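Novice: after the sequence you'll find the predicted model.
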Amino acid sequence: MNELNTLCTKLGVKCFKDKEYQFLHEYCTAMKPLTVALDILQGDCPYGTLLPTLEVLMQKTLAVKDTLSQMTAGLPDAIVQAIQTRFAGVLDNKDALLAAVSCPKFKLRWLRDEGRRKQVKELLTAECRTTAPAAQSPASVPTTSASQGEMDFFAFETEPEETYSAEKEVMDYLRSGHELQILNQYPNIKNIFLKYNTPTPSSAPVEWLFSLGGLGLTPRRNRLSDKRFEKLLLMRYNHWFTRPSPLFHSEH
């Protein structure tokens, strides 16, 4: 408060009152979870990040409600209501749930309700059964030369064939670590992750990409082909290239 008033005095503007400072402080407190969530969703993250981010956002927003005065006490409820209205078609969407649970860093940890955790777990198990390939005949193993008498001596019972269990794969996956590399140990869940995490949770990265269109569609480049334009955008955003972007140089 003292620093703000000192700044206002030097700028020659009216100083903040205690009530105004309290409002600004509470407003920042209530809006902080929302700003963090926006930074996460606008970053480089898979579609499975959406639901966990929304769930945690609503929880953290409601958690600060008791620390607010009457001036801003209704703000957390308004934020949560707006989220539920805006994402009503996503909060219980099958694709969004599978995208989230197939992300190792989320799994079922973001779900507080035990009934919903069980429901999403069963959803993942059912998807694994669908994704699992049909049982294939076992690969032939090269035989070693052995006499008939030796084969008769080693007469064992036929071993039961191992069948795929979606429940076991899901259980082992949920008990494993949270690194992305663990998906290599669970091929069916990895396929689910690749299938449902293809979209982006926010349109911001796409908008940033095509906001560069004005740099390419200039009077000097009004005859660019679609393929050439795509190559220019790719060169601009492909960080593996260390050379400057061709968007800012004349073509050769």
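Specialist: That came through, no problem. Numbering: from 1, shown residues only.
Novice: the bottom helix or strand of the protein by mean pLDDT?
Specialist: Here the helix or strand of the chain ranked lowest by mean pLDDT, DSSP states H and E is helix 213-216, holding a mean of 62.
Novice: for the spatially closest residue to residue 97 that is not a sequence neighbour, grab phi and psi.
Specialist: Using C-beta to C-beta, 6 or more residues apart in numbering and skipping the chain neighbours, the partner closest in space to residue 97 is residue 120 (5.4 Å). C-betas here are computed from N, CA, C, even on glycine. Dihedral angles phi and psi of residue 120 (degrees, to the nearest 10) take the values phi -70, psi -40.
Novice: number of residues surrounding residue 120?
Specialist: Residues near residue 120, counting by other C-beta atoms under 10 Å, number 21.
Novice: that one and residue 101 touch, don't they?
Specialist: Yes: using C-beta atoms under 8 Å, residue 120 is in contact with residue 101, at 5.3 Å.
Novice: which neighbours do those two share?
Specialist: Here residue 120 and residue 101 have residue 108 as joint contacts, going by C-beta atoms under 8 Å, 6 or more residues apart in numbering.
Novice: how about the helices of the protein, start to end?
Specialist: All helices of the chain, identified by DSSP state H, fall at 2-11, 18-41, 50-63, 75-86, 94-101, 114-131, 148-153, 166-175, 187-196, 204-210, 213-216, 226-237.
Novice: list of residues touching the fifth one?
Specialist: Read it as helix 94-101. Contacting residues not belonging to helix 94-101 are listed as 46-52, 90, 106-108, 110, 120-121, 123-124, 127, 192-193, 196-197 [C-beta under 8 Å, 6+ apart].
Novice: which of these count as buried?
Specialist: Among the contacts of helix 94-101, those scoring as buried are 46-52, 106-107, 110, 120-121, 124, 127, 192-193, 196-197 (criterion: 16 or more other C-beta atoms under 10 Å).
Novice: I figured residue 172 hits residue 186, correct?
Specialist: Yes: with contact defined as C-beta under 8 Å, residue 172 counts as touching residue 186 (7.1 Å).
Novice: picking up where we left off before, could you dump the helices of the chain to CSV with distance to residue 181?
Specialist: Shown next, in CSV, are the helices of the chain (distance: least, C-beta to C-beta, whole Å):
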stretch, distance to residue 181
helix 2-11, 47
helix 18-41, 22
helix 50-63, 20
helix 75-86, 32
helix 94-101, 18
helix 114-131, 19
helix 148-153, 44
helix 166-175, 13
helix 187-196, 10
helix 204-210, 24
helix 213-216, 37
helix 226-237, 25
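Novice: out of the ones you listed, which one sits most buried?
Specialist: Among the helices of the chain, helix 94-101 has the highest mean neighbour count (mean count of other C-beta atoms under 10 Å), at a mean of 22.
Novice: tell me the angle that one makes with helix 50-63.
Specialist: With axes from the mean of the first three to the mean of the last three C-alpha atoms, to 10 degrees defining the directions, helix 94-101 sits at 80 degrees from helix 50-63.
Novice: how far is helix 94-101 from where the chain is centred?
Specialist: Distance, stretch centre to chain centre, for helix 94-101: 10 Å (C-alpha atoms, centre = their mean, to the nearest Å).
Novice: tilt between that helix and helix 166-175?
Specialist: Relative orientation of helix 94-101 versus helix 166-175 (the same axes, to 10 degrees): 50 degrees.
Novice: relative to helix 187-196, how tilted is helix 94-101?
Specialist: Angle, helix 94-101 to helix 187-196, by the same axes, to 10 degrees: 120 degrees.
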